[in-house]
Structure formats: C-alpha cells, structure tokens
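Engineer: Model the following, please.
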Amino acid sequence: MRLSRTLPFLVAAAALVAACSDGGSDATASTPPEPIELSTLPAATTTNPPATTTTEPATTTTEVPVPVFPLTGLPVTGDNPLIALRPIVVAKVGNYDSHPQSGANLADMVYEEIINDNVSRFAMVFQSQGASEVGPIRSGRLQDVDLLGSLGSPILAWSGGNSTVTNEIRNSDLVDMSQTYCAGACFRVGFDKAPYNLYFNIDLAWERAPAGAGIPPQQFQFRDLGADVAGTPSIGVTLSMDSYGIDWTWNDIAGIYERGQNGRSDKERNGELVTTNNVVILEMVYNKGISGSPDAQSIGNGQAWVFSGGKMVHGTWTRADRLQPFTLVADDGSPILLTPGRTFVELPRTGGNVTPK
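Structural biologist: Alright, predicted model coming up:
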C-alpha cells in the first residue's frame, strides 16, 4: 500500500441490508369450464422439477487503512490512533561539542541549519513520540519562520530571541512557547550552566502549549515497506556546515546511519550515538540576516542528495511557498522515496560542500 501524501486517518465502513417482502391477493371465483373430450388432449409428457441451486451471497471485505504517523510513515501502534493527529513540537537545540544535546534520537525529524559564528543549530521535530528532557534549548532565527511553515502551525519550544525575531515568530503561524510561556514544560538542569541549562519536556509541551497549533501534514514521500531501495550503493556522505565537519556512515548490520561531527562519533548526553533512517541534504542559499546571522532561503530550489537504505539518490528540491513541504525529484524525474522512519535534514550552503562516499 503506497503511503499517501495526505494525513492518515481511520475509515469506518458499514453494510446496508435491504429487506424485501411481497404481499398475496385473494383468489378470484370463476365459472367451471365446459368439459373437454379426452380425444382432444395432447399426449402426456413427464417434466422433472428443476435442480435446486443455492446462491451464496458474495462476501465483501472492506480493509480498514492502518493509520500512520505523518513524519515517519510508520504505522500507529497502541489503542489511540488519534495520536497521529496531534500537533508538532519543534525544539530549537544548540549543537556544541562541549555541551552534548539530548533528544535527537527521539525526534521524527531533525533540521540542521547554519546560524551565526559559523556554527549550526538543530530544530528537533517531535510528533510520533515525546521526550522528557530535550536540550540545551536555544534561541530562534528569522529563517525558522519559513523553514518550519510547512509543519502545520507547530509549537515552537525555544528560549526566545531578539525583538525582531520574536515579533516575526509571534506574527507567524508558529505557536510561541518560549521560556516565557512554557507553563512549566521547560526547566533548568543542574548539570550545566546558563545558557546551556534550559531544557524542555515535550510531553508537557503538548499538554500546556497555547492554543493555535494545527494538524501535521506529511513532509516526504515514503517507499512501501519491504520495497526495493532505489539509488546507487553508497556507504554515506561527508559535508560541511561552515566550521562543522559532518559525517554520516551506513551501518549495514544495524540498517541505520550513524553520525560523526568534527572527527568524532556524535553522541547524545546519555551516550547514545546519533542515528537516523534517512539523511536528506538540501543545499541552501544563505543571505545575510540581522545581527550577522545567516538566513537560509528555503523557498525556491536547489540540489538534493538523499541517503536511504545504503543507497544514494541525487536530484533537486523545490518549494514554492513556506506552507508547502519540500518536493524531492531525482535526476531521472522520478519522486525520491524515503525509508519509513526518522529523517535528518542537513541544510549546508550551496557550493560543493557535499561528498558522497
């Protein structure tokens, strides 16, 4: 069953049964006919009754579609299929070698975007599952308004920003849940110092977020479970995110991509290696933004590389509007399909910083 680009839902089907009845009529009295002479009757014939046939009603089965999570394409498990409709929470998380992040392996998607000072920052996107401790939570950027616009009015878990960024966020369809409005869903940890000690409980963010968040639309197309993976065999990719050297390597035994950063394995604070099912690389033009912060131009088009299932597909990304998801098309014109699961989206600068392995 090809997963659709629309939001998954449950379909209930019912059979309509029609009952028919027929009425009788009273016999009509008539005058007996005149007797017929035997010599005028036809020869006697014997007629066998027709064979009795039994017609079984046709049995029809309406298959109820299995609901899937919009960002992973994986089926919903458990007894609450409506969880696939809950809004998205996006956590802005700092990327520092000396302050390891928490939450990447629980997010359905992670965007890595370039910010000022030639470093990168994560936008961790949660929908199918929550996390009790995500951070360190940092500030937002103007580019977040366009980049996150296709996520259906998501809840933005962030520390805040300068007055220009804050006004743009509050005037957009993103739901502002900065530390000012976190209602106890954010907290300070004791194992690090400010500004690296602000964290979010994503489960509480769903409960306590201000009104306004919407139903999440699907962002990518996924291949059928069990279908062959398209593309050229590849063990991974290296790329530059300004001063950060990023490395993704395919682990064929585990069936997953493992992340390295600046020459070392990239591990979360709990010691887990950062992994993903899909690596999507979208080259971006970065214009000069306010306060020297780069501003990714996520509306337009550019080169795309998709690494999935140990294969690589090169193509193009296009996006006509901030409310639309990225459209990924291979060089041969076919749609690029991802493996159902988690996706890490890298947004490097345009200019040859991507080297498939």
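
Engineer: Please count neighbours and contacts with C-alpha atoms only from this point.
Structural biologist: Will do.

Engineer: does residue 344 have beta-bridge partners, and which?
Structural biologist: residue 110, residue 279 (DSSP bridges).

Engineer: How is this structure partitioned into domains?
Structural biologist: Per automatic domain parsing, the domain ranges recorded for the chain read 81-208, 232-356.

Engineer: Quick one: mean pLDDT for the longest one?
Structural biologist: Model confidence over domain 81-208, given as mean pLDDT, is 96.

Engineer: Start and end of it, how far apart?
Structural biologist: 21 Å (C-alpha to C-alpha, to the nearest Å).

Engineer: Same check on stretch 99-119?
Structural biologist: 14 Å.

Engineer: One more: stretch 79-89?
Structural biologist: End to end - C-alpha to C-alpha - stretch 79-89 spans 22 Å.

Engineer: thinking in terms of the whole chain, how far from its middle is it?
Structural biologist: 12 Å (C-alpha atoms, centre = their mean, to the nearest Å).

Engineer: List of residues touching it?
Structural biologist: 7-8, 10, 67-70, 76, 125-128, 151-157, 202, 205-206, 213-216 (C-alpha atoms under 8 Å, 6 or more residues apart in numbering).

Engineer: Please flag which of those sit within helices.
Structural biologist: Those of these mapping onto helices are 202, 205, 206, per DSSP state H.

Engineer: would you turn those into a markdown table with distance to residue 287 and neighbour count?
Structural biologist: Converted to a markdown table, these look like this (distance: C-alpha to C-alpha, whole Å; neighbours: other C-alpha atoms under 10 Å):
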| residue | distance to residue 287 | neighbour count |
| --- | --- | --- |
| 202 | 32 | 25 |
| 205 | 32 | 23 |
| 206 | 34 | 18 |
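
Engineer: Is it possible to get CSV of these that adds distance to residue 192?
Structural biologist: Output for the ones in helices among the contacts of stretch 79-89, formatted as CSV (distance: C-alpha to C-alpha, whole Å):
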residue, distance to residue 192
202, 20
205, 22
206, 25
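
Engineer: now, which of those sits nearest residue 311?
Structural biologist: residue 202 (32.9 Å; C-alpha to C-alpha).

Engineer: Verify the stated contact: that closest one with residue 125.
Structural biologist: No - the pair residue 202 / residue 125 is not scored as a contact, 10.2 Å apart, by C-alpha atoms under 8 Å.

Engineer: now the helices for the stretch 1-150 of the chain?
Structural biologist: 143-147 (DSSP state H, counting those that start in this stretch).

Engineer: repeat for the stretch 151-300 of the chain
Structural biologist: Using DSSP H, counting those that start in this stretch, helices in the stretch 151-300 of the chain cover 163-170, 202-208.

Engineer: What are the contacting residues of the shortest one?
Structural biologist: When you say that, I think you mean helix 202-208. With contact meaning C-alpha under 8 Å, 6+ apart, helix 202-208 is reached by 87, 89, 126, 130-134, 157, 182-185.

Engineer: Separate out the buried members of those.
Structural biologist: 87, 89, 126, 130, 131, 133, 134, 157, 182, 183, 185 (16 or more other C-alpha atoms under 10 Å).

Engineer: Please convert the residues you listed to TSV, extending it with distance to residue 299.
Structural biologist: Converted to TSV, the buried ones among the contacts of helix 202-208 look like this (distance: C-alpha to C-alpha, whole Å):
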residue	distance to residue 299
87	23
89	22
126	23
130	29
131	30
133	32
134	28
157	23
182	30
183	33
185	32
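
Engineer: from those, which is closest to residue 266?
Structural biologist: Using C-alpha to C-alpha, those come closest to residue 266 at residue 134, 16.2 Å.
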